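S.K.: sequence first, predicted model second:
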Amino acid sequence: MAFAQRASKYSEPIPIDSRAADNLRFIRDTMERAASFTAVPGWGGVAIGVTAVLTGMVALRMPTPQQFVAWLIEGVLALSIGCLAVGRKSRRLALSLSSRPAQRALLSFVPPLLAGAVLTAVLYRADMLTVLPGLWLLLYGAAVVTGGAFSVRIVPVMGICFMLLGGTALLAPVISGNVFLLLGFGVMHIVFGTLIARRHGG
């Protein structure tokens, strides 16, 4: 009798739906951790580059303090274009901006930009505007590298190029700051934006 009870105990099937929800949740979380954030806007980057080139050309005719005001306005415009482009591409690709890859990319991208904003205010009060072009390029590159760690490979490569250009700008004559900003936020955005658009769906 005891043997029969033990045999029947081990022969009872395990209900499939008892752990189905947990298994599906585990699979979903694993796929999200392994996935990358692909809604990086290539054509949005090109648009940012075009506005930056125009800003740089206009700023060439301005005195140094006004140049930085022009670039601050360009920064706000670029941020707006970038947000709109990311939202549009994510909707077109049916990618949720609340997914873990998107959240990790955003959380990694924002801190260097916040550091740049704080340092900009500090350096402006200290009347050290000539340091800003290299600082902006360097920290923007750092933001792209850290955020790009959760994206396609070309994104952190772009960030490294920005960092190298920013480091060069910090060592170059101060009069060339506007040119470096034009090359970085303008030309490099156009080049890498075009590559991203062609290789990763716009």
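M.R.: Yep, that arrived.

S.K.: what helices and strands are in contact with the longest helix anywhere in the chain?
M.R.: Using DSSP state H to define each element, the chain has its longest helix at helix 64-92. The helices and strands touching helix 64-92, judged by 3 or more C-beta pairs under 8 Å, 6 or more residues apart in numbering; DSSP states H and E, are helix 42-59, helix 132-148, helix 177-181. Glycine gets a C-beta too; all of them are placed from N, C-alpha and C.

S.K.: mind running it again at 6 Å?
M.R.: Secondary-structure packing of helix 64-92 (3 or more C-beta pairs under 6 Å, 6 or more residues apart in numbering; DSSP states H and E): helix 42-59.

S.K.: now the helix it packs on: mean pLDDT?
M.R.: Averaged across helix 42-59, the pLDDT comes to 94.

S.K.: how far does it sit from the chain's center?
M.R.: Taking C-alpha atoms, centre = their mean, to the nearest Å, one finds helix 42-59 lying 17 Å from the centre of the chain it belongs to.

S.K.: show me the contact partners of it.
M.R.: 67, 70, 74, 77-78, 81-82, 85, 178, 181-182, 185-186, 189-190, 193-194, 196-197, 202 (C-beta atoms under 6 Å, 6 or more residues apart in numbering).

S.K.: now do the phi/psi pair for Ser151.
M.R.: Ser151 adopts backbone torsions of phi -130, psi -160, taken as degrees, to the nearest 10.

S.K.: is it in contact with Val86, as I believe?
M.R.: No: using C-beta atoms under 6 Å, Ser151 is not in contact with Val86, being 11.1 Å away.

S.K.: per-residue pLDDT, the closest residue to Gly75 other than its chain neighbours?
M.R.: Spatial nearest neighbour of Gly75, chain neighbours left out: Trp136 (7.9 Å); criterion: C-beta to C-beta, 6 or more residues apart in numbering. Looking at Trp136, its pLDDT stands at 96.

S.K.: going forward, count from 55.
M.R.: Yes, from this point I'll number from 55; that puts the last item at Trp190.

S.K.: from Leu147, how far out is Trp190?
M.R.: Trp190 is 30 Å from Leu147, where distance means C-beta to C-beta, to the nearest Å.

S.K.: could you list the low-confidence segments of this structure?
M.R.: Scanning the chain for pLDDT under 70 picks out 55-92.

S.K.: tell me, how many neighbours does Arg145 end up with?
M.R.: Residues within reach of Arg145, counting by other C-beta atoms under 10 Å, total 12.
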